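Trainee: predicted model and sequence below, questions to follow.
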Amino acid sequence: MHKTTLYLSDELRQTLEAAARRTGRAQADLVREALRTYLETLAPPVARSIGAGDDADLSARDSEDWLRSQWSRP
């Protein structure tokens with residue numbers, strides 16, 4: 001497990017402290033659970049096209065070579 005520092009507003013900090021007292025759980029445990037729950041609701045990343053099919057001069061077959069040449073520029 002890794003240590004992470006969070007900056008909370010006074011209101012959020014007070015709410016977290018109260019929830020920890022009320023539930024008898026550590027604040028860190030509540031934060032981990034809340035973060036895990038939130039992250040599970042996010043949609044998976046959507047793959048984005050590089051547009052290889054939109055260029056009359058670039059075929060899908062040549063797209064890897066094109067990417068290497070473009071991404072290796074200084």
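Mentor: Done, it's in. Residues are numbered from 1 along each chain as shown.
Trainee: against Ala60, how distant is the residue minimising distance to the centre of the chain?
Mentor: In the chain, the residue lying closest to the centroid (CA atoms, centre = their mean) is Leu39, at 7.9 Å. Leu39 sits at a distance of 34 Å from Ala60 (criterion: CB to CB, to the nearest Å). C-beta coordinates here come from the backbone N, C-alpha and C atoms, glycine included.
Trainee: for Leu42, same thing?
Mentor: Per CB to CB, Leu42 is found 30 Å from Ala60.
Trainee: check Leu30 too.
Mentor: 49 Å.
Trainee: who has more neighbours, the two?
Mentor: Leu30 (15 against 10; other CB atoms under 10 Å).
Trainee: isn't the more buried one right up against Ala19?
Mentor: Yes: using CB atoms under 8 Å, Leu30 is in contact with Ala19, at 5.8 Å.
Trainee: hmm, which helix or strand of this protein has the shakiest average pLDDT?
Mentor: Every helix and strand in the chain was compared by mean pLDDT, DSSP states H and E; the lowest is helix 63-71, with a mean of 80.
Trainee: nothing else from me, thank you.
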